[in-house]
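predicted coordinates and the sequence they were generated for:
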Amino acid sequence: MNLLRFALPLLVAAPALSHAQPAPPSPRIEAMAPDTLGLLTALSAPGAAALVFFPDGGPQARTTVAVRVDAPAATLRRTLLDAARWPEFMPALSRVEQTARFGRRAAYRFDVAAGLLTVHATTAITERSARRIDLDVDASDFGPAGARWELIPQDPAHTLLVLTSWSDPAQGHWLFRQAASSDPSATAGMNVAVDLTLALSLARRARALAGTPTAARPDPWTDDGAALAAPSPGPWMALHPRYYTLVFALTPDGAVRSVNVTGQTFGPAAEVIARVRDVARYRDHLPGVRESAWSAAAPGDDAPARAHLLLRTPFDAGEGDVERRLEGPATVFIDGRSGELAGSRWRWDVTTDPARGTFLSLTGVPNAATATLLTRAVSAREPFLVPGATALRQLVWLRSMLAGIHPG
């Protein structure tokens with residue numbers, strides 16, 4: 001939900017903001033084509049999935065998050081429309097006040113708090129039909145934003161929640177403008193992070209109302225030691241190159257087990273493989289990697305090797321040794337072995353398709369040890385933002401790893 005988007009871009013704590021701006025007419029969010037929706041539905045089988053369109057487009061970027069909900073569509077719709085009760089299961093919302101209602105359209109004032117920061121927004125929620133609800137941010141310290149929720153019954157007891165959004169933090173307070181300009185993909189990544197948080201929170205609430213509750217606030221992420229798995233090649237690859245795809249594997253109680261991001265290029269697979277194998281040059285390709293070097297002589301291609309990394313971003317930071325392991329010609333595992341990076345796990349996979357080009361996947365697990373003070377402060381109020389921040393970082397990393405690789 002765009003109102004929570006305050007949490008990710010802030011670089012410093014600040015007092016309440018008071019520079020709200022009226023939003024221009026909202027850009028249209030078109031319905032997803034049936035074939036695209038079908039592929040997204042299949043991609044969300046592990047728990048949740050997302051599509052990112054035009055990630056460098058700022059307010060023109062579109063992000064779509066799909067979550068499988070163990071509740072009937074009618075129950076999920078009631079949960080969405082009862083915004084006054086959202087603070088009961090979204091701790092970052094300190095207050096929601098309904099200010100007006102006309103037919104199926106209701107106006108609200110939202111107060112969003114994290115640490116010393118408070119953001120205010122006035123919004124309108126409109127029930128378009130039994131299966132569609134729209135949200136418009138009319139004025140906000142974050143800048144204008146909008147979202148379209150679609151509730152798609154899968155069977156009488158299960159619903160697919162599809163949330164598509166846009167935002168323009170470049171029109172908000174200077175803190176948000178700074179965040180939006182930090183990386184071309186920052187706005188799109190923040191959209192995914194916040195919309196995932198909203199969708200997972202709504203799914204848990206609807207499931208409880210349907211009579212199958214889980215713990216009120218479980219761990220938002222977990223590393224249960226299960227092997228990291230990249231999505232198997234399949235029809236979903238047809239979503240590329242129009243979209244970047246993300247898959248969130250969830251545990252039965254709703255915690256995020258792993259985050260996968262996949263992108264596509266028509267450049268040669270050999271060049272992509274060479275980049276992901278050469279950990280010592282990650283500093284040349286990955287934003288936030290300040291230092292990277294082999295701990296000993298450059299390794300051969302068939303043996304595990306250690307490298308030293310220094311990671312510094314607004315959302316995670318750490319230093320330590322990692323071990324690179326190769327599995328076959330096109331899979332690279334990176335396991336944190338020491339320092340704050342101990343326990344971090346990533347996996348790169350390169351696949352090729354004669355008709356569709358080269359695909360690069362990055363799969364990882366959130367790691368609390370690398371969370372910065374900002375991330376810890378934010379997650380104390382809204383813990384589901386931590387795996388969302390992981391998705392943001394991985395989207396930026398994957399796009400940066402593919403940057404500059406041209407068709408051969």
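Received the coordinates, thanks.

domains for this protein, by residue range?
Following automatic domain parsing, one gets these domains for the chain: 2-209, 235-402.

worst average pLDDT in the ones you listed?
Mean pLDDT values for the domains of the chain show the minimum at domain 2-209, a mean of 84.

burial of Pro252, as a residue count?
7 (other CB atoms under 10 Å). C-beta coordinates here come from the backbone N, C-alpha and C atoms, glycine included.

dump the domains of the chain to a markdown table, plus distance to Pro220.
Formatted as a markdown table, those follow (distance: least, CB to CB, whole Å):
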| stretch | distance to Pro220 |
| --- | --- |
| domain 2-209 | 8 |
| domain 235-402 | 4 |
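
give me the contact list for stretch 176-189.
With contacts defined as CB atoms under 8 Å, 6 or more residues apart in numbering, stretch 176-189 is touched by 6, 8-11, 52, 54-59, 61, 63, 141-143, 167-170, 190, 287, 314, 391-393, 395-396, 399.

how does it look with 7 Å?
9, 11, 52, 55-56, 58, 61, 63, 142-143, 167, 169-170, 287, 391-392, 395-396, 399 (CB atoms under 7 Å, 6 or more residues apart in numbering).

kindly report the same for stretch 227-236.
39, 42-43, 245, 247, 258, 260, 262, 345, 347, 349, 351, 361, 363.

please apply the same query to stretch 312-319.
Residues contacting stretch 312-319 (CB under 7 Å, 6+ apart): 11, 288, 290, 309-311, 339-341, 369-372, 374-375, 389, 393.

quick one, which of those are buried?
Using 16 or more other CB atoms under 10 Å as the burial test, these include 288, 309-311, 339-341, 370-372, 374-375, 389, 393 as buried.

between these, which is closest to Met90?
If you rank the buried ones among the contacts of stretch 312-319 by distance to Met90 using CB to CB, Ala389 comes first, at 16.7 Å.

how about Phe89: what's its closest non-neighbour residue?
Nearest non-adjacent residue to Phe89, counting by CB to CB, 6 or more residues apart in numbering: Arg205, 4.7 Å away.

ramachandran angles for the one you found?
phi -60, psi -50 (degrees, to the nearest 10).

you'd agree it is up against Arg78?
No: assessed by CB atoms under 7 Å, Arg205 is found out of contact with Arg78, at 9.8 Å.

out of the two, which sits in the more crowded spot?
In this view Arg205 and Arg78 are compared by other CB under 10 Å, and Arg205 has more residues nearby, 25 against 15.

give the residue farthest from the middle of this protein.
The centre of the chain is farthest from one residue, Ala297, which by CA atoms, centre = their mean lies 36.8 Å away.

how about it, secondary structure?
Here Ala297 is recorded as coil under DSSP: H, G, I helix; E, B strand; the rest coil.

over to Met32?
coil.

any buried residues in the strand or helix carrying Ala107, and which?
For Ala107, the host element (DSSP states H and E) is strand 105-114. For strand 105-114, a neighbour-count test (16+ other CB under 10 Å) marks Ala106, Ala107, Tyr108, Phe110, Asp111, Val112, Ala113, Ala114 as buried.

the fourth one bridge partners, please.
In other words, Phe110. For Phe110, the beta-bridge partners are Val96, Ala121 (DSSP bridges).

list the contacts of it.
Phe110 neighbours (CB under 7 Å, 6+ apart): Leu3, Leu93, Val96, Ala121, Thr123.

please apply the same query to the third one.
Neighbour list for Tyr108: Ala83, Val96, Glu97, Gln98, Thr99, Thr123, Ile125 [criterion: CB under 7 Å, 6+ apart].

strands of the stretch 301-408 of the chain, start to end?
Taking DSSP state E, counting those that start in this stretch to define them, one finds strands in the stretch 301-408 of the chain at 305-312, 317-326, 331-336, 345-353, 357-364.

which stretches in the stretch 101-250 of the chain count as strands?
Using DSSP E, counting those that start in this stretch, strands in the stretch 101-250 of the chain cover 105-114, 117-129, 132-140, 145-155, 158-167, 243-250.

what packs against the fifth one?
Packing partners of strand 158-167 (3 or more CB pairs under 7 Å, 6 or more residues apart in numbering; DSSP states H and E): strand 62-69, helix 73-81, strand 145-155, helix 186-209.

tabulate these (CSV), appending distance to Ala330.
As requested, the helices and strands packed on strand 158-167 are exported to CSV (distance: least, CB to CB, whole Å):
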stretch, distance to Ala330
strand 62-69, 28
helix 73-81, 40
strand 145-155, 34
helix 186-209, 26
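
nearest to Ala130, out of these?
helix 73-81 (6.8 Å).

quick one: buried residues of that closest one?
Ala73, Thr75, Leu76, Arg77, Thr79, Leu80.

now the angle from that helix to strand 105-114?
70 degrees (axes from the mean of the first three to the mean of the last three CA atoms, to 10 degrees).

what about Gly364, how many neighbours?
Applying other CB under 10 Å, I find that Gly364 has 23 neighbouring residues.

who's in contact with it?
Ser258, Val259, Arg345, Trp346, Thr390, Gln394.

which of the residues you listed sit farthest apart?
Maximum distance among those (CB to CB): 12.2 Å, for Arg345 and Gln394.

returning to that earlier point: quick one, which of the domains of the chain is nearest to Asp224?
domain 235-402 (6.5 Å).

quick check: end-to-end length of that closest one?
22 Å (CA to CA, to the nearest Å).

so how far is it from its chain's centroid?
Between the centre of domain 235-402 and the centre of its chain there are 14 Å (CA atoms, centre = their mean, to the nearest Å).
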